[in-house]
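Visitor: Got a predicted structure here, sequence first:
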Amino acid sequence: MPVETQHIVKSFDEELQKLRQTVAQMGGLVEAQLQAAVDALVKRDADAAAKVVREDSRIDELEQQLGNLVIRLLALRQPMAVDLRQIVSALKISSDLERIGDYAANVAKRAIALSQQPMVRPVHAIPRMARLVQQIIKDVLDSYVEQDAVKAVAAWQRDEEVDEMYTSLFRELLTYMMEDQRNIGPSIHLLFIAKNIERMGDHATNVAEDVHFLVHGRPLDQARPKGDQTSFTVVPTAPAVGAEPI
């Protein structure tokens, strides 16, 4: 249920609306940046990837604008209760969106490097993972606009799927590198790309938690679901040349 309020001073409502619009604009840019970065990776298009890197500054500028607006609102309006939650949540969400934008730029930088190397087999798994994260980002942004905590929590729970996909890709890339040392360079780039996308999912869950706080005025009291098992993955080592089998 929306928690918007009407104020005697009309300009206060307009400033709060501007805050929400800026968050939504940042979210739209972040979604577009992720899509463009992955497209550049799949198409091996270094020019398109370089454009993604350049356009990251647009997200940074919006975050700065939103920060300035927050400072103004806190200084002049002295908000309380729901209004204060609106302002604090917008500031926290903008920070997470800015980080997602940075990760999209990192993916694009790796895509530039990969465009200059032979194609590696596990690239096909990256777009699937990115589509899931993009959908989660879209859902949490929709939940923010609609102030729908139920939708936010549903998106929050899907992050476990992202972790599981990352774990699967991690293991596949390890196997691929062990098969042929020539695969190590490009596979490492793909590992970093996959990790960046997984981290985007983590920041999207932060946004979902902020929406829950905005609507209900209390933190989400569930443990964050995690499916990343890469910390427990054992990498088998080949025996030394000439060594007798045990």
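Guide: All right, it came through fine. Numbers count the residues shown, from 1 in each chain.
Visitor: Can you tell me the centre-most residue of this structure?
Guide: Centrality entry for the chain: nearest residue to the mean C-alpha point is Met200, 2.1 Å, by C-alpha atoms, centre = their mean.
Visitor: what are the phi and psi angles of it?
Guide: phi -60, psi -40 (degrees, to the nearest 10).
Visitor: Could you measure from it over to Gly67?
Guide: 21 Å (C-beta to C-beta, to the nearest Å). Glycine gets a C-beta too; all of them are placed from N, C-alpha and C.
Visitor: What about the nearest residue to Val215 once chain neighbours are set aside, how many residues nearby?
Guide: Among residues not flanking Val215 along the chain, Ala149 sits closest, at 4.1 Å (C-beta to C-beta, 6 or more residues apart in numbering). If you count neighbours by other C-beta atoms under 10 Å, Ala149 ends up with 20.
Visitor: Return the residues in contact with Ala149.
Guide: Ala149 sits next to 143, 211-212, 215-216 when contact means C-beta atoms under 8 Å, 6 or more residues apart in numbering.
Visitor: Give me the distance between Gln222 and Leu73.
Guide: Distance from Gln222 to Leu73, by C-beta to C-beta: 31 Å.
Visitor: buried residues in stretch 115-126?
Guide: 115, 120, 122, 125-126 (16 or more other C-beta atoms under 10 Å).
Visitor: and if you look at stretch 131-149?
Guide: 132-134, 136-144, 147-149.
Visitor: Pull the most distant pair out of those residues.
Guide: By the measure C-beta to C-beta, Leu132 and Gln147 form the most distant pair in the buried residues of stretch 131-149, at 24.0 Å.
Visitor: can you give me the helices for this structure?
Guide: For the chain, the helices defined by DSSP state H occupy 10-43, 46-77, 81-114, 125-146, 149-157, 159-179, 184-216.
Visitor: other SSEs contacting the fourth one?
Guide: Applying 3 or more C-beta pairs under 8 Å, 6 or more residues apart in numbering; DSSP states H and E, one finds that helix 125-146 makes contact with helix 10-43, helix 81-114, helix 149-157, helix 159-179, helix 184-216.
Visitor: can you redo the ones you listed as TSV with mean pLDDT and distance to Ile59?
Guide: Output for the helices and strands packed on helix 125-146, formatted as TSV (pLDDT from 0 to 100; distance: least, C-beta to C-beta, whole Å):
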stretch	mean pLDDT	distance to Ile59
helix 10-43	93	5
helix 81-114	95	4
helix 149-157	95	20
helix 159-179	92	21
helix 184-216	95	13
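Visitor: Among those helices, which comes closest to Val53?
Guide: Comparing the helices and strands packed on helix 125-146 by C-beta to C-beta, helix 81-114 comes nearest, at 5.0 Å.
Visitor: What helices and strands are in contact with the closest one?
Guide: Helix 81-114 packs on helix 10-43, helix 46-77, helix 125-146, helix 184-216, going by 3+ C-beta pairs under 8 Å, 6+ apart.
Visitor: Deepest in the core, which of the ones you listed is it.
Guide: helix 184-216 (a mean of 22; mean count of other C-beta atoms under 10 Å).
Visitor: Wait, Ala108 touches Val52, no?
Guide: Yes. Between Ala108 and Val52 there is a contact at 3.7 Å, judged by C-beta atoms under 8 Å.
Visitor: Common neighbours of the two, please.
Guide: Joint contacts of Ala108 and Val52 (C-beta under 8 Å, 6+ apart) are 36-37, 40.
Visitor: And Val120, its phi and psi?
Guide: Main-chain torsions, Val120, degrees, to the nearest 10: phi -110, psi 150.
Visitor: Excluding chain neighbours, what is closest to it?
Guide: That would be Pro186: by C-beta to C-beta, 6+ apart, it lies 4.4 Å from Val120.
Visitor: That'll do, ta.
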